[in-house]
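> sequence plus predicted model, see below.
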Protein chains: 2
Amino acid sequence: MESSPARAATMADVARTAGVSRTAVSFVLNGRSDASIPEATRARILAAAEQMGYRRNAAARALASQRSGLFGLVTEIVTSPFAADIIKGAQWSAWQDERFLLIAPSETNQVMEEAAIEKLLEQRIEGLIIAASWHQQIRVPANAYQMPCVLVHCFDEEGRLPSIVPDEEAGGRVAARTLLAAGHRNIGHITLPTGTPAQVGRLRGFGAELSTAGAPLADRLIVAGDGTAESGYRGASELLDGPNPPTAIFCGNDRMAMGAYDAIKERGLRIPQEISIVGFDDQQALADCLRPGLTTVALPYEEMGAAGVRKLTELTTGSRETSSHLALDCPLRQRSSVGIALR
Amino acid sequence: MESSPARAATMADVARTAGVSRTAVSFVLNGRSDASIPEATRARILAAAEQMGYRRNAAARALASQRSGLFGLVTEIVTSPFAADIIKGAQWSAWQDERFLLIAPSETNQVMEEAAIEKLLEQRIEGLIIAASWHQQIRVPANAYQMPCVLVHCFDEEGRLPSIVPDEEAGGRVAARTLLAAGHRNIGHITLPTGTPAQVGRLRGFGAELSTAGAPLADRLIVAGDGTAESGYRGASELLDGPNPPTAIFCGNDRMAMGAYDAIKERGLRIPQEISIVGFDDQQALADCLRPGLTTVALPYEEMGAAGVRKLTELTTGSRETSSHLALDCPLRQRSSVGIALR
């Protein structure tokens, strides 16, 4: 392979070649408009820079401007890619603003997490995003407070830091409205592990919307799942084998919906003709591949990542607005698992 | 939230507080052992640095040492997280070596890809990894040759750059041996899209191993799929409804295996009692959630990412070894979809 040139061209090199001062080169190459440099000189400098392959040195600029152009992202998502679209959204948002994300993998281990942030601080990041793969309350590492910091898909107990989370409750209402609109009144729900923000919010929104519609969720139709496909299989089996089985099931996540599909098919029932299913999360690898495709409520991963970067950009450019907790909508992803209720 | 201090403490600040020269501070804080600084002075400097919250400035070090400690990673994986474990492996490997990965999202668009690399070059990365979400030949952006560069899960036509790919052919042999060991001789295969390295390699290895065992793959038992669950469903249906249906099917990827499961269950057949299935990729979100769990051949994503970083580290530290194309093993992930052949 080709090797890199012995030494990168500097502004001084460009100045020598163009026969102008280093200051003139600096003004032109940094795009400063507050200096009156003749057009001919400007053109000569740009030509010399191009010819010599001059490249701006981010480290030098960072030192001079105290602005590194770097945001840090600490997350366990790199080791648990379930919520990878958070990184995707943050990455794109940063990229469009000509910033880079420095990503450091985190562990639940507090010591390692602080070490990761320390490494990022050494790189002179301007701000930090802490992102989680599932919606949860976190303990913020002490050194995260040393710079602007935004929490994505998580929050701190005292609400000291701005956070971007999904509006789980509104998502639960979306699921309910989808099934109500198809005429279902006898609806079951398989829940996530008790006490998590996702479980609490989704159930609350779902139940509230059903009550408003005059079809309140019966206790006997709420089955506890644990988030796995296996628990969805068991939950759906319980609902289907019970008295007056529901015509539709809202599964707390897509994995449980996958297990529910198996239970339904084993009983010779057809989706969506005989029973309707709505999931939550929009895990594409599952939702797209299920037969029929799974209608589900999407977690706004990409939007959360992008909103985190935007919020951080505001903070690093001086904004100090107070309203800093953002709950983003969870939109419906319509596929083919919801049909008209026949009874 | 707390705001960051107005200005980070510099070595000069530490020197003033400790009442020593800036040079002495620099030697102590950079861990240089080639200067005889009295222990008491060293202790005073460290205490002052700690008290003032002095933090090494990576940008300054990078300028001074010409070593940024940064590797660049250009990849579409952030926008297509199927192969996210490549990032995980690379990230961890870099992290353990006290380096950071700067990740830039790429597009198939050549102009954007070169722009991404240009951004990374501005950050003075020491080397570059280009990673793909599926095994393919790529056109290397021209500016990638300006520094050490390693390709992961892809390769260039002329083989100029070192590359790390999965050994698809060996993976195909693993699938065949797994089914042969369970006594199967009448085995079907649903292929990936024709001409891709994965399709060619997996089929070749699978067929060769069956031939060696005296149970060659019959043409009528090779069905063309396109990688989707739907094509797996169609392929398995064709195999099961044909004359003398196979007792086992090797699916070219896990998504097609998911579709095959549906076709099998619709026909009232049990996995693995009546028919065995082996997949490829080890997409955990699918393989773990299928009922029964899918036995599959794993793509070594994490290992490829780690090997890419190791190779790049070698290149940036002066190694110029010639053998630089690495094909990594694809190990079996045993779950519950392979049973003993009964006929």
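In hand now; what should we look at? Residues are numbered from 1 along each chain as shown, chains lettered A, B, ... in the order given.
> how near is whichever residue of the stretch 101-250 of chain A sits closest to chain B to A:Leu332?
Closest residue of the stretch 101-250 of chain A to chain B, Cβ to the nearest Cβ: A:Ala229 (3.9 Å). In this view, the C-beta of every residue, glycine as well, is placed from N, C-alpha and C. Taking Cβ to Cβ, to the nearest Å as the measure, A:Ala229 falls 22 Å from A:Leu332.
> how does chain A divide into domains?
Taking automatic domain parsing as the reference, chain A has its domains at A:11-56, A:70-167+A:302-328, A:168-299.
> returning to that earlier point: between A:Ala229 and A:Leu332, who's got more neighbours?
Counting neighbours by other Cβ atoms under 10 Å in any protein chain shown for A:Ala229 and for A:Leu332 shows that A:Ala229 has the greater number, 26 against 17.
> quick one: pLDDT of that one?
A:Ala229 carries a pLDDT value of 95.
> quick one: residues contacting A:Phe82.
Listed by Cβ atoms under 8 Å, 6 or more residues apart in numbering or on different chains, the contact set of A:Phe82 reads A:133-134, A:283, B:285.
> actually, A:Ala144.
Going by Cβ under 8 Å, 6+ apart, A:Ala144 touches A:74, A:117, A:128, A:130, A:161.
> give me the element the residue nearest to A:Ala24 when sequence neighbours are not counted is part of.
Counting by Cβ to Cβ, 6 or more residues apart in numbering or on different chains, A:Ile37 is the residue found nearest to A:Ala24 once chain neighbours are left out, at 5.9 Å. Following DSSP states H and E, there is no helix or strand that holds A:Ile37.
> likewise the one 5 residues further on?
Following DSSP H and E, one finds A:Arg42 within helix A:39-52.
> counting by contacts, list what that helix packs against.
Packing contacts for helix A:39-52, counted by 3 or more Cβ pairs under 8 Å, 6 or more residues apart in numbering or on different chains; DSSP states H and E, involve helix A:11-18, helix A:22-29.
> out of the ones you listed, nearest to A:Gly53?
helix A:11-18 (10.1 Å; Cβ to Cβ).
> who's in contact with that closest one?
The contact list for helix A:11-18, computed with Cβ under 8 Å, 6+ apart, reads A:21-22, A:24-26, A:29, A:41, A:44-45, A:47-49, A:51-52, A:54.
> show me what contacts A:Leu221?
By Cβ under 8 Å, 6+ apart, the contact list for A:Leu221 reads A:186-189, A:239, A:246.
> nope, A:Leu192 is what I was after
By Cβ under 8 Å, 6+ apart, the neighbours of A:Leu192 are A:198-199, A:202, A:225-227, A:252-253.
> and it, backbone torsions?
Phi and psi for A:Leu192, reported as degrees, to the nearest 10, are phi -80, psi 180.
> from A:Thr296, how far out is it?
14 Å.
> next SSE downstream of the helix or strand of chain A at the bottom of the mean pLDDT ranking?
One helix or strand of chain A scores below all others by mean pLDDT, DSSP states H and E: helix A:58-65, with a mean of 60. Using DSSP H and E, the helix or strand that follows helix A:58-65 in sequence is strand A:70-75.
> of all the residues in that next one, which ones are buried?
Applying a neighbour-count criterion of 16 or more other Cβ atoms under 10 Å in any protein chain shown, one finds A:70-75 buried in strand A:70-75.
> so which elements touch it?
Counting by 3+ Cβ pairs under 8 Å, 6+ apart, strand A:70-75 packs on helix A:84-96, strand A:100-105, helix A:110-122, strand A:127-138.
> need those in CSV with mean neighbour count, can you?
Output for these, formatted as CSV (neighbours: other Cβ atoms under 10 Å in any protein chain shown):
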stretch, mean neighbour count
helix A:84-96, 23
strand A:100-105, 25
helix A:110-122, 18
strand A:127-138, 21
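> re the thing from before, possible to save the helices and strands packed on helix A:39-52 as a markdown table with distance to B:Glu98?
Shown next, in a markdown table, are the helices and strands packed on helix A:39-52 (distance: least, Cβ to Cβ, whole Å):
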| stretch | distance to B:Glu98 |
| --- | --- |
| helix A:11-18 | 30 |
| helix A:22-29 | 32 |
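> rank those helices by mean pLDDT and give me the bottom one.
Ranked by mean pLDDT, the helices and strands packed on helix A:39-52 end with helix A:22-29 at the bottom, a mean of 79.
> apart from its chain neighbours, what residue comes closest to A:Glu76?
Excluding the flanking residues, the one nearest A:Glu76 by Cβ to Cβ, 6+ apart is A:Ser106, at 5.1 Å.
> now A:Thr75
Excluding the flanking residues, the one nearest A:Thr75 by Cβ to Cβ, 6+ apart is A:Ala131, at 4.1 Å.
> and the strands in the stretch 201-343 of chain A, which stretches?
With DSSP state E, counting those that start in this stretch, the ranges of strands along the stretch 201-343 of chain A come out as A:222-224, A:248-251, A:276-281, A:295-298, A:325-328, A:332-333.
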